[in-house]
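# return atomic coordinates for the entry below.
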Amino acid sequence: MSSSPTKKLVIYYSLEGNTKLMAETMAKAIDADILAIAPQKEISSKGFSKYFWGGSQVMMKRKPTLMPLSLNPLDYDLIIIGTPVWAWTYSPPIATLLEEVDFSGKQMALFSCHGGQNGKTFLHMKAHLPDSQVLDTIDFFEPLKNHTEECIQRALDWARHLSQ
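Predicted structure coming up:
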């Protein structure tokens, strides 16, 4: 990358911990601040109902009300956003974030964690970031269950590359 942004932020939503692991790994690697977003009403991460509820929220284009943000993303130069993949796209809490925060003019990077396919997650996210510079994307297949150390190393290398 041509210039090294001075203030870095990793924003993520995580239901089961996969996205959280990757976000924390990246933030530590590049000395970034970290912001976990959460809906005011969270679903249970247990059982089949999470898939039904999560998928239906995506299909109905629901955007949950988020808990207040503890950091202002607009105070940062490089912003990395992470999401689990639900119904082949980004999660509803990330949809709310992308609707409520204008990331115009920001350098962005996107990552996802999934248990099947990434689908059109990045294509859909980029559509909500038309005036941002999306530097790169990366996805991880269930990093808590599959090749955890390899996923951590990929996350470290990717974040460090973005931060150069």
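
# ok, the closest residue to Asp131 other than its chain neighbours - how many residues close by?
Spatial nearest neighbour of Asp131, chain neighbours left out: Ser104 (3.8 Å); criterion: CB to CB, 6 or more residues apart in numbering. No exception for glycine: its C-beta is placed from N, CA and C like everyone else's. Close neighbours of Ser104, defined as other CB atoms under 10 Å, add up to 10.

# quick one, helices of the chain?
Taking DSSP state H, the helices of the chain run over residues 18-30, 49-59, 92-100, 121-127, 148-163.

# so which helix or strand of the protein has the lowest pLDDT on average?
The weakest-scoring helix or strand in the chain, judged by mean pLDDT, DSSP states H and E, is helix 49-59 (a mean of 51).

# in stretch 109-128, which residues are buried?
Within stretch 109-128, the residues that count as buried by 16 or more other CB atoms under 10 Å are 109-114, 118-119, 121-122, 124-125.

# repeat for stretch 84-97
84-87, 89-97.

# now for those residues, which pair is the farthest apart?
Ala87 and Leu97 (17.5 Å; CB to CB).

# now Asn118. Nearest residue, chain neighbours left out?
Nearest residue to Asn118 in three dimensions, chain neighbours excluded: Asp139, at 4.4 Å (CB to CB, 6+ apart).

# is it true that that neighbour touches Gly119?
No: in this structure, Asp139 is not within contact of Gly119 by CB atoms under 8 Å, at 9.7 Å.

# now the common contact residues for those two.
Shared contacts of Asp139 and Gly119, defined by CB atoms under 8 Å, 6 or more residues apart in numbering, are found at Val85.

# out of the helices of the chain, nearest to Thr65?
Per CB to CB, nearest to Thr65 of those: helix 92-100, 7.3 Å.

# which strands and helices sit next to the closest one?
Packing partners of helix 92-100 (3 or more CB pairs under 8 Å, 6 or more residues apart in numbering; DSSP states H and E): helix 49-59, strand 78-86.

# angle of the shortest one against helix 92-100?
The reference is to strand 78-86. 140 degrees (axes from the mean of the first three to the mean of the last three CA atoms, to 10 degrees).

# strand 78-86 pairs with which strands, parallel or anti?
strand 8-12 (parallel), strand 89-90 (antiparallel), strand 107-114 (parallel) (DSSP bridges).

# how near is the residue nearest to Glu142 when sequence neighbours are not counted to Leu15?
Spatial nearest neighbour of Glu142, chain neighbours left out: Gly115 (5.2 Å); criterion: CB to CB, 6+ apart. Note on Gly115: its distance to Leu15, by CB to CB, to the nearest Å, is 11 Å.
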